[in-house]
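In: Fold the following, please.
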Amino acid sequence: MSLLGIVNIVLMVLLLLLLFYMQKKHVSFSKRVFAALGLGIVFGLVLQLIYGVDSEIISESISWFNIVGNGYVKFLQMIVMPLVFISIVSAFTKMKMANNIGKISVLILGILVGTTALSALVAIGTTVAFDLEAIQIEAGAAEQDRGASLEERYAGIQDKTFPEQIVDLLPANPFLDFTGARSTSTIAIVIFAAFIGIAFLGVRRKDPENAELFAKIIDALYSVIMRVVTLILRLTPYGVLAIMTRVTATSDYGAIYKLGKFVVASYVALLIVFAIHLLLITLAGLNPITYVKKAFPVLTFAFTSRSSAGTLPLNIKAQTNDLGVPEGIANFAGSFGLSIGQNGCAGVYPAMLAIMIAPTVGINPLDPSFILTVVVIVAISSFGVAGVGGGATFAAILVLSALDLPVALAGLLISVEPLIDMGRTALNVSGSMTAGVLTSKVTKELDTETYTNPTQQLGA
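Out: Below you'll find the model as predicted:
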């Protein structure tokens, strides 16, 4: 360990202690997250400015910073599968939810898939407006290696028909899926939990006594798991600081500059879709500024961690505590949003790639029939996208394979992938939160007093 590396670690520890001091002074959770974000950006940029992006000292320092950053993400991932399962089952065990379960499920799924289709249209329009084509990107060694890796890794997907890909979503072994072993494990657990919930409704009609006992067990488990979530969420500012420091210290700003046009186009599309979320909330008669303020800590973590699954505990807690969404609906929206209708990873990204790559095989990207095909395939393929790192690539492979476009070209943006993925993940989470809020409003179950209350409870 070099002396300079030790100095960097000491500085990180001091920043962590500063955040701890803010917590002891009862500074609000959102302010601490925002402070961690700013400190991480500044500290990371200073490190790169002093040592350079390929410095051994930075690599050495980041490996220690990752104990905090990656450690926090792993804690969140640890609780994701149990939380997804227990959240959906508990939604069925609540009497109020059981009476509207069909309507609520259809509304949430409709909003998630509908906004993903809109995301695809926005991405297509943005790609055309910026005149983006795959041939404009110079494929270096990293891009070629990435393309070859994608072809090898997803060879099985390309060989499967679309119906076979749908069958892969089903949970043949739910215990295996609890380990997250498959790229479709999350949607498999959602389906398994739904079967348990539906079975509970049947038992409640025929054997109320056992159903009541089961409901109490589920409620007790849910309370314990949510307590674990609360303990983990208290670590959020520290995780954000370490993650953001790593991102800004290790980003290749030269590559970002060269591909600036693609980065800008991506973020324009992401911001337009986010504006659509706010428009939908406004049309529902709710204040979009309130939504932004209360969702900000959640979206900040999603942005820095690049993990929709890791953000699930924050997502559900913010919906229930700050936005007034009932627990059942928040559980459904948050859990479904992990693997269905991810606006950023399954909507914007695959559609942009499809339009960029189409000219390389002689397809006119402005052909209305091709555009319609892209939108439909993107919407359908959004089922089963994993809410963890790499979900966007998986979605892109599904779409490109269905369109008979070269999968290897999906690796062209590898050098700016982390930067774009940050925005995509935040949009995914916003989409699921929007689905929860809108569904609650439509079913008249939204607690408007909580929604309008300026005090935030998240992370308390």
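In: Let me know the secondary structure of residue 308.
Out: coil (DSSP: H, G, I helix; E, B strand; the rest coil).
In: Can you report how many residues lie near it?
Out: 32 (other C-beta atoms under 10 Å). Glycine gets a C-beta too; all of them are placed from N, C-alpha and C.
In: Unless I'm misreading it, it sits right up against residue 427, doesn't it?
Out: No - counting by C-beta atoms under 8 Å, residue 308 stays clear of residue 427, with 9.7 Å between them.
In: Tell me where the stretch 151-300 of the chain has helices.
Out: 155-159, 162-167, 174-177, 185-206, 208-233, 236-250, 253-258, 260-283, 288-305 (DSSP state H, counting those that start in this stretch).
In: could you say what helices and strands the last one packs with?
Out: Contacts defined by 3 or more C-beta pairs under 8 Å, 6 or more residues apart in numbering; DSSP states H and E place helix 288-305 against helix 29-51, helix 236-250, helix 260-283, helix 312-321, helix 417-442.
In: of all those helices, which lies closest to residue 80?
Out: helix 312-321 (5.5 Å; C-beta to C-beta).
In: Could you check the angle that closest one makes with helix 29-51?
Out: Angle, helix 312-321 to helix 29-51, by axes from the mean of the first three to the mean of the last three C-alpha atoms, to 10 degrees: 150 degrees.
In: which helices and strands does helix 312-321 pack with?
Out: helix 56-93, helix 208-233, helix 288-305, helix 327-339, helix 417-442.
In: Give me whichever of the ones you listed is most buried.
Out: Mean neighbour count (mean count of other C-beta atoms under 10 Å) peaks for helix 327-339 among these, with a mean of 28.
In: can you tell me the average pLDDT over the helix or strand that that helix is followed by?
Out: Downstream of helix 327-339, the first helix or strand assigned by DSSP states H and E is helix 349-357. The predicted model assigns helix 349-357 a mean pLDDT of 90.
In: And the helix or strand containing residue 397, what does it pack against?
Out: Per DSSP H and E: residue 397 is located in helix 391-402. Contact here means 3+ C-beta pairs under 8 Å, 6+ apart; on that basis helix 391-402 packs against helix 155-159, helix 349-357, helix 368-381.
In: tell me the angle of it relative to helix 185-206?
Out: Using the same axes, to 10 degrees: helix 391-402 against helix 185-206 is 90 degrees.
In: what comes up buried for helix 391-402?
Out: Judged by neighbour count using 16 or more other C-beta atoms under 10 Å, the buried positions of helix 391-402 are 391, 392, 393, 394, 395, 396, 397, 398, 399, 400, 401, 402.
In: next one: that helix to chain centre, how far?
Out: Relative to its parent chain, helix 391-402 has a centroid offset of 16 Å by C-alpha atoms, centre = their mean, to the nearest Å.
In: tell me the angle it makes with helix 327-339.
Out: 60 degrees.
In: quick check: mean pLDDT across helix 391-402?
Out: 76.
In: now stretch 310-328
Out: On average, stretch 310-328 scores 88.
In: Please write out the alpha-carbon positions of stretch 169-182 in PDB.
Out: Extracted in PDB, the C-alpha atoms of stretch 169-182 (Å, rounded to 0.1, in the frame of the first residue of the first chain):
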ATOM      1  CA  LEU A 169     -39.500 -16.400 -17.700                       C
ATOM      2  CA  LEU A 170     -41.400 -19.100 -15.800                       C
ATOM      3  CA  PRO A 171     -40.000 -20.400 -12.500                       C
ATOM      4  CA  ALA A 172     -39.100 -24.100 -13.000                       C
ATOM      5  CA  ASN A 173     -37.100 -24.000  -9.800                       C
ATOM      6  CA  PRO A 174     -38.100 -21.000  -7.600                       C
ATOM      7  CA  PHE A 175     -35.400 -21.800  -5.000                       C
ATOM      8  CA  LEU A 176     -32.800 -21.500  -7.800                       C
ATOM      9  CA  ASP A 177     -34.300 -18.200  -8.800                       C
ATOM     10  CA  PHE A 178     -34.100 -16.900  -5.200                       C
ATOM     11  CA  THR A 179     -30.300 -17.000  -5.700                       C
ATOM     12  CA  GLY A 180     -30.600 -14.800  -8.800                       C
ATOM     13  CA  ALA A 181     -28.900 -17.400 -10.900                       C
ATOM     14  CA  ARG A 182     -30.800 -16.600 -14.100                       C
END
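In: Pull the number of nearby residues for residue 243.
Out: Around residue 243 there are 28 residues (other C-beta under 10 Å).
In: Show the pLDDT at it.
Out: 88.
In: and it, how far is that from residue 36?
Out: 9 Å (C-beta to C-beta, to the nearest Å).
In: what's the answer for residue 120, then?
Out: Distance from residue 120 to residue 36, by C-beta to C-beta: 34 Å.
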